[in-house]
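S.K.: here is a sequence with its predicted model. Questions after.
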Amino acid sequence: MTFYESVKGGQGEILPMEIITAVRGFKDILPPETEKWRHVEETARKVFGAFGFHEIRIPLLEKTELFCRGIGETTDIVEKEMYTFLDRGEESLTLRPEATASVIRAYLEHAVHAAETVTRLFTIGPMFRRERPQKGRYRQFHQIDAEILGPDDPRTDAELILMLIHFLDRLGLAKLNLEINSLGCLECRPAFREAVISFLGSQAEELCGDCRRRLGTNPLRVFDCKVEKCGEIISRAPRLNSFICGDCRTHFEGVQEGLRLFGVPYRLNDQMVRGLDYYTRTTFEVTAEHLGAQNAVVGGGRYDHLVRDLGGPDIPGIGFAIGFERLISMIPESGEDAPQGPLLFIAALGEKAAERAFILGNRLRMNGVHVEMDYAGRSLKSQMKKADRLRCAYALILGEREIQDNKALLRNMRESAQEEVCLDDLENTIMTLAR
Ligand code: ATP
Ligand code: MG
């Protein structure tokens, strides 16, 4: 552990000061892990770009009202998980727990819908939920979020899911399960809801406390309960499938047909309601069995009334959110993924050589060549050790004598061969190696 020292109380007494650690549930992402993150982000940008998506960047902080209205007052997120506080101006603000509500807020605020009938947006960034931290569950976590606003054609749903599966494929992820369901619409869901209320009402004393409360506020949430007994009761509850209207059924069949056309394997799960209130019709989840308890990697679905509920026109939408940390934890480790080492290490011996190294090294860097060196004046042996540890392809040895003779030694680290190069040609010689 590192300690900062401070002089306390002017008495000359030096006390070690404890380091400040990150907040519980908030974690640092260090190199080389960050390289993996960048690879995932670049793959997302490439794949989503080909499907016509553009990146949007939205604030981390929003008015609390946005999430209460967007996600739903009686969802777990809004009831228990949000980081909400009054700012100094007494306004209630919230660190975003998800991105969809913010994307739509921006979409409406900038009247994007007036300029185009179909909008495809994606965003990548941190979300905040005050849950119990554990493996795969953090208080600050990251999502890759994609939304399509405008169309309600089932092909749009199939296309979005296809893009998602293709993206996961490109990352080399196997053994994933795609589950889909339809939650119906405002026409057919009320009757289903009534049937669920009456079924659950008859079993109320067996439900957990949370679910008994949900019965009065948001009965479909019971489907999401992780308590074993509730799960057992729910497995006997009425299914939306018996209530779904003709339009919703045709829509859902269209989505499945689109998936089948591309050979995307999926499983129907008529118990999946998803944790947010805004979903209508198609909903989906991608899970990975080997992730353990936190096995959901992606959640998504259609939200045909959210734009209107947030004060906009009647514009349908569909989107998904990928949990970045859970995704990253599944990406296979392979030697090829290891970041490449620097092209060159400059080992300088003596003040004159260090001056030369300073100039040459930084000129090469400005030309895009990855060069490492330091000015600590260490022995040749320890500098070469460092070049080796960093996995540099070449090392350039600059000693006082070499400089006097206007030359340097260029060592090929992999082949353990070295040659003399003239100082005047040095930059060109190295640039040729970089090509
Ligand atoms: P869970 O059932 O695991 O709580 P959720 O239904 O709350 O998931 P969504 O709101 O659908 O999750 O978010 C989409 C994805 O974001 C999840 O599938 C998951 O991969 C990731 N995610 C959600 N909450 C967290 C968290 N606290 N820490 C890490 N990842 C998370
Ligand atoms: Mg959750």
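M.R.: Right, received. Where do you want to start? Numbers count the residues shown, from 1 in each chain. Ligands and ions are numbered 1, 2, ... in the order given.
S.K.: going by C-alpha atoms from here, please, whenever you check contacts or count neighbours.
M.R.: Fine.
S.K.: and the residue of the stretch 101-250 of the chain nearest ligand 1?
M.R.: The stretch 101-250 of the chain approaches ligand 1 most closely through residue 137 (3.4 Å), counting by CA to the nearest ligand atom.
S.K.: count the neighbours of that residue for me.
M.R.: If you count neighbours by other CA atoms under 10 Å, residue 137 ends up with 18.
S.K.: got it, and residue 231?
M.R.: 17.
S.K.: shaky segments in the chain?
M.R.: 1-13, 275, 334-339 (pLDDT under 70).
S.K.: how about the residues of it near ligand 1?
M.R.: Residues of the chain found near ligand 1 (CA under 6 Å from any ligand atom) are 129, 136-139, 141, 143, 274-275, 294, 296-299, 321-323, 326.
S.K.: recalculate using a threshold of 5 Å.
M.R.: Counting by CA under 5 Å from any ligand atom, the chain comes close to ligand 1 at 137, 138, 141, 296, 297, 298, 299, 321, 322, 323.
S.K.: these in strands, which ones?
M.R.: 141, 296, 297, 298, 299, 321, 322, 323 (DSSP state E).
S.K.: what secondary structure does the closest residue in space to residue 172 that isn't next to it in sequence sit in?
M.R.: Residue nearest to residue 172 in three dimensions, not counting chain neighbours: residue 331, with 6.9 Å by CA to CA, 6 or more residues apart in numbering. Assigned by DSSP: H, G, I helix; E, B strand; the rest coil, the conformation of residue 331 is coil.
S.K.: ok, now how distant is residue 331 from ligand 1?
M.R.: For residue 331, the distance to ligand 1 (CA to the nearest ligand atom, to the nearest Å) stands at 14 Å.
S.K.: that residue: what's it in contact with?
M.R.: By CA atoms under 8 Å, 6 or more residues apart in numbering, the residues touching residue 331 are 171, 172, 173.
S.K.: OK, contacts around residue 167?
M.R.: Applying CA under 8 Å, 6+ apart, the residues contacting residue 167 are 43, 44, 47.
S.K.: how about a markdown table for those, with secondary structure and neighbour count added?
M.R.: What follows is the contacts of residue 167, written out as a markdown table (DSSP: H, G, I helix; E, B strand; the rest coil; neighbours: other CA atoms under 10 Å):
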| residue | secondary structure | neighbour count |
| --- | --- | --- |
| 43 | helix | 16 |
| 44 | helix | 22 |
| 47 | helix | 17 |
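S.K.: what's the closest of these to ligand 1?
M.R.: Nearest to ligand 1 among the contacts of residue 167: residue 44, at 15.6 Å, using CA to the nearest ligand atom.
S.K.: list the contacts for the closest one?
M.R.: residue 167.
S.K.: start the count at 42 instead of 1 going forward.
M.R.: Okay, using 42 as the starting number, the last item reads as residue 85.
S.K.: quick one: the strands in the stretch 142-291 of the chain?
M.R.: Secondary structure of the stretch 142-291 of the chain (DSSP state E, counting those that start in this stretch): strands at 160-169, 181-190, 217-223.
S.K.: out of these, which is closest to residue 299?
M.R.: strand 217-223 (12.9 Å; CA to CA).
S.K.: show me what that closest one is packed up against.
M.R.: On a contact count with 3 or more CA pairs under 8 Å, 6 or more residues apart in numbering; DSSP states H and E, strand 217-223 meets strand 308-309, strand 321-329.
S.K.: for residue 300, which of the ones you listed is the nearest?
M.R.: Using CA to CA, those put strand 308-309 closest to residue 300, at 11.2 Å.
S.K.: centre of the chain to that closest one, how far?
M.R.: Distance of strand 308-309 from the chain centroid (CA atoms, centre = their mean, to the nearest Å) equals 25 Å.
S.K.: follow-up on the earlier one: if I look at the residue of the stretch 142-291 of the chain closest to ligand 1, how far off is residue 451?
M.R.: From residue 178 across to residue 451, the span is 49 Å (CA to CA, to the nearest Å).
S.K.: and stretch 318-332, end to end?
M.R.: 26 Å.
S.K.: show me what that stretch is in contact with.
M.R.: With CA under 8 Å, 6+ apart, stretch 318-332 has contacts from 111-113, 116, 198, 216-227, 289, 293, 313-315, 336-347, 367.
S.K.: buried subset of those?
M.R.: Buried by 16 or more other CA atoms under 10 Å: 111-113, 116, 198, 217-226, 289, 293, 313-315, 337-347, 367, out of those.
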